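fold the stuff below for me.
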Amino acid sequence: MYSAVEYQPVAKFYAYFTLAIAALFLGFYLFEDQIHWWSPTSPKILPLALSGYFALALRNIYNLYRHYQVMLDQFLPSVMADILFFGYLLLYLAPFQDDLSILLLITVGLGNFLVTKRYGYLLAAMATIMVLSNWFLFPHYSTDAIFSGTFLSVLYFGEAFIVQTIRDRLSEAKTHVETTQSLLTSASKINDLIIERMQTGVCVASNSGVIISINRAAKERLGSVSHLPPEVFERLQEWHEFGVQNDNTLQMAFLDGGRVNILVSFAQIDERTTLIFVEDKDTVARRANQFKMASLARMAASIAHEIRNPLSAISHASQLLVESPNLDADDEHLCHIIVEHCKRMDTIIQNVLQISRRNSSDPQRLDLSPWLNQFKEEFEQRHKLPIQIEGESHFIRFDPSQFQQVLWNLCSNAMQYGRVDEEHPILFQVQSLGQRISLKVIDHGDGVPEAELPFLFEPFHTTSPKGTGLGLYLIKELCEANNAEIRYHNTLQYGACFEIVFAPDFQNNKVSQ
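As a prediction, the model looks like this:
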């Protein structure tokens with residue numbers, strides 16, 4: 001059974017048409033003395049037949065409003081009953097009324113809209129049989145009856161063919177429209193999804209500053225507001241007046257005390273609306289720095305490969321030279337210095353190659369509290385030093401192996417530069433920063449000197465004679481690869497405090513304790 005919802009108006013017209021015809025026939029019967037429409041020899045069953053047809057018309061109206069959707073062939077029994085009723089009138093009750101043939105023509109046409117093709121031709125055949133039977137039974141009442149009967153028979157089948165063809169074309173057109181609409185709807189949803197997940201903030205605003213549409217990235221930088229912030233609206237008016245993009249940084253302040261530096265640019269949509277692009281300046285600078293450092297890392301990896309082989313030869317020769325019995329104490333000391341510095345250079349080369357060959361991240365959903373407890377057991381078992389965990393657990397997104405490396409390096413730095421013992425454990429503090437989750441790694445040392453803070457995460461910068469200056473830089477790279485941030489704070493109560501702020505996309509996933 002095929003749906004024919006598009007033919008609901010046809011079904012409604014057919015139902016009311018049958019009701020009107022039934023009422024008209026009843027009127028002819030009631031005023032028969034004045035009209036003389038029925039055959040003088042009409043049987044006494046006429047009022048019963050007219051009442052039955054009227055009841056059939058009322059049932060059509062009832063079925064029409066009973067079902068929300070009209071289905072093909074739903075009205076087939078009713079249309080067949082109509083044709084049989086008109087045939088009964090032609091053969092017994094009003095054989096000399098040519099108007100009944102016209103009513104049959106209308107009924108066959110409407111019926112072909114409401115039934116499938118094979119039933120449509122069946123209706124035409126039934127109407128043809130009724131008309132030809134009328135001619136055979138009453139050939140004397142019209143001189144052109146043969147022509148009239150033959151013409152109407154051909155007309156019934158021609159009407160069925162034309163209506164069925166039109167209906168098929170309409171059905172194909174409807175299917176094509178629905179397919180096109182579905183594709184357009186899917187494309188619109190895809191575009192909305194892409195725009196929503198873009199790292200670039202996109203906002204559509206009217207010239208009066210009312211925000212019409214805004215994606216997630218723009219909300220994070222402008223806030224959840226219905227109007228453009230005054231700074232951005234002023235920049236928009238400036239652009240409308242002078243047509244010049246202002247590349248200066250805007251600093252946005254939020255109610256929770258947070259601040260973000262943004263860059264805005266504009267594009268005209270029409271006379272009333274403007275498309276606004278909102279970029280996080282820190283993110284843009286970080287991407288540029290990542291590109292620069294990636295190029296430097298590739299260059300450094302090439303140099304490291306060239307240095308590694310001769311360095312290994314120098315180290316091996318120095319070790320052999322130390323074993324010589326003819327060396328005095330001073331020469332042996334010099335050989336030990338060479339070996340130690342070869343080891344240090346080899347460590348630097350290993351770090352450089354690790355940075356250059358670092359695989360892309362595979363962030364996974366981690367339950368922070370169990371994960372930290374497992375890390376604590378491994379670290380304490382290895383170094384025999386305590387770790388203390390504070391705060392509630394949350395779900396985060398981070399590559400597990402890279403997260404392990406980040407925390408291990410931070411704890412190793414705390415051991416080397418801070419003070420860690422049974423009374424002063426390394427402290428892990430988990431906090432919720434509004435819409436983001438942070439993890440602080442705190443030691444009890446002296447912290448980082450103020451003069452060193454601008455260079456803290458730069459590669460090859462170190463204050464230790466034995467350090468390589470790549471540890472914190474590698475931590476920063478791993479965090480950024482997972483859309484997280486690494487920050488440093490000097491605390492009065494403790495010592496150094498490194499804070500990992502995880503990606504904001506997964507902030508509201510608190511785990512019940």
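
run through the stretch 201-350 of the chain and note the low-pLDDT ranges.
Where the stretch 201-350 of the chain drops to pLDDT under 70, the residues are 254-258, 285-287, 289-290, 292-294, 296-297, 300-301, 304-305, 348, 350.

hey, where'd the strands end up in it?
Listed in chain order, the strands of the stretch 201-350 of the chain (DSSP state E, counting those that start in this stretch) span residues 201-206, 211-214, 250-253, 259-268, 273-280.

which of the residues in the first one are buried?
Across strand 201-206, burial judged by 16 or more other CB atoms under 10 Å covers Gly201, Val202, Cys203, Val204, Ala205. From N, CA and C alone the C-beta is placed, and that goes for glycine too.

the third one contacts Leu222, doesn't it?
Meaning Cys203. Yes: counting by CB atoms under 8 Å, Cys203 touches Leu222, with 6.9 Å between them.

which residues do these two both contact?
When contacts are counted by CB atoms under 8 Å, 6 or more residues apart in numbering, the set common to Cys203 and Leu222 consists of Ile214, Leu228, Val278.

quick one: residues contacting the spatially closest residue to the last one that is not a sequence neighbour.
So the one you mean is Val278. When the adjacent residues along the chain are set aside, Val278 lies closest to Gly201, with 3.2 Å between them (CB to CB, 6 or more residues apart in numbering). For Gly201, the contact set (CB under 8 Å, 6+ apart) comprises 214-215, 217-222, 262, 277-280.

buried by neighbour count, from the residues you listed: which ones?
When these are checked against 16+ other CB under 10 Å, the ones flagged as buried are Ile214, Asn215, Ala217, Ala218, Glu220, Arg221, Leu222, Ile262, Phe277, Val278, Glu279, Asp280.

of those, closest to Glu480?
Compare each of these with Glu480 using CB to CB and the shortest gap goes to Asp280, at 13.1 Å.

right, and that closest one touches Ala218 too?
No: with the criterion set as CB under 8 Å, Asp280 and Ala218 do not qualify as a contacting pair; they are 10.3 Å apart.

stretch 342-350: which residues count as buried?
Cys342, Met345, Asp346, Ile348, Ile349.

ok, now stretch 52-71?
For stretch 52-71, a neighbour-count test (16+ other CB under 10 Å) marks Tyr53, Phe54, Leu56, Ala57, Arg59, Asn60, Leu64, Val70 as buried.

of these, the lowest pLDDT goes to which?
Summarising pLDDT for these: the lowest-scoring member is Val70, with 63.

show me where the chain has its helices.
Taking DSSP state H to define them, one finds helices in the chain at 8-30, 32-35, 46-66, 76-88, 99-114, 117-137, 145-197, 216-222, 230-242, 281-322, 329-356, 368-383, 400-417, 471-481.

between these, which one is nearest to Leu439?
Each of those was scored for nearness to Leu439 using CB to CB, and the closest is helix 368-383 (7.2 Å).

list the helices and strands that closest one packs on?
Using 3 or more CB pairs under 8 Å, 6 or more residues apart in numbering; DSSP states H and E as the contact criterion, the neighbours of helix 368-383 among helices and strands are strand 387-390, helix 400-417, strand 426-433, strand 436-442.

what are the structural domain limits within the chain?
Domain segmentation of the chain under automatic domain parsing yields 5-179, 201-283, 284-356, 364-506.

columns distance to Lys189 on top of those, output as CSV?
As requested, these are arranged in CSV below (distance: least, CB to CB, whole Å):
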stretch, distance to Lys189
domain 5-179, 16
domain 201-283, 14
domain 284-356, 28
domain 364-506, 20
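
quick one: closest of these to Ile190.
domain 201-283 (14.0 Å).

gap between the two ends of the closest one?
Looking at domain 201-283, the gap from its leading to its trailing residue is 12 Å under the measure CA to CA, to the nearest Å.

what distance separates that domain from the middle of the whole chain?
Taking CA atoms, centre = their mean, to the nearest Å, one finds the center of domain 201-283 at 24 Å from the center of the full chain.

cool, stretch 121-132 as well?
Here stretch 121-132 is found 56 Å from its chain centre; the criterion is CA atoms, centre = their mean.

now do the buried residues in it.
Within stretch 121-132, the residues scored as buried using 16+ other CB under 10 Å are Tyr121, Leu122, Leu123, Ala124, Ala125, Met126, Ala127, Thr128, Met130, Val131.

ok, these vs Ser302, which is closest?
Of all the buried residues of stretch 121-132, the one with the least separation from Ser302 (CB to CB) is Tyr121, at 82.3 Å.

so that closest one makes contact with Glu159?
No: Tyr121 lies out of contact with Glu159 (CB under 8 Å); the separation is 10.7 Å.

how near is Pro504 to Ile437?
9 Å (CB to CB, to the nearest Å).

so which of those two has more stuff around it?
Comparing Pro504 with Ile437 by other CB atoms under 10 Å, the one with more neighbours is Ile437, at 28 against 18.

excluding chain neighbours, what is closest to Leu453?
Leu453 sits nearest to Tyr488 (CB to CB, 6+ apart), 6.9 Å away.

residue contacts, the one you found?
Residues counted as contacts of Tyr488 (CB under 8 Å, 6+ apart) are Val448, Leu453, Leu456, Ala496, Cys497, Phe498, Glu499.

specify the beta-bridge partners of it.
Phe498 (DSSP bridges).

quick check: pLDDT value at it.
Tyr488 is assigned a pLDDT of 87 by the prediction.

try the one 4 residues further on
As predicted, Leu492 sits at a pLDDT of 62.

next one: Asn373
Listed pLDDT for Asn373 reads 90.

show me the contacts for it.
With contact set as CB under 8 Å, 6+ apart, Asn373 has these partners: Ile389.

that one and Phe428, how far apart?
Distance of Asn373 to Phe428, given as CB to CB: 10 Å.

between those two, which contacts overlap?
Between them, Asn373 and Phe428 have Ile389 as joint contacts when contacts are counted by CB under 8 Å, 6+ apart.

so how far is stretch 409-417 from its chain's centroid?
Taking CA atoms, centre = their mean, the mean C-alpha location of stretch 409-417 is offset from the chain mean by 43 Å.

just to revisit the earlier point, columns distance to Asp168 on top of the buried residues of stretch 342-350, output as JSON lines?
As requested, those are arranged in JSON lines below (distance: CB to CB, whole Å):
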{"residue": "Cys342", "distance to Asp168": "86"}
{"residue": "Met345", "distance to Asp168": "82"}
{"residue": "Asp346", "distance to Asp168": "80"}
{"residue": "Ile348", "distance to Asp168": "78"}
{"residue": "Ile349", "distance to Asp168": "76"}
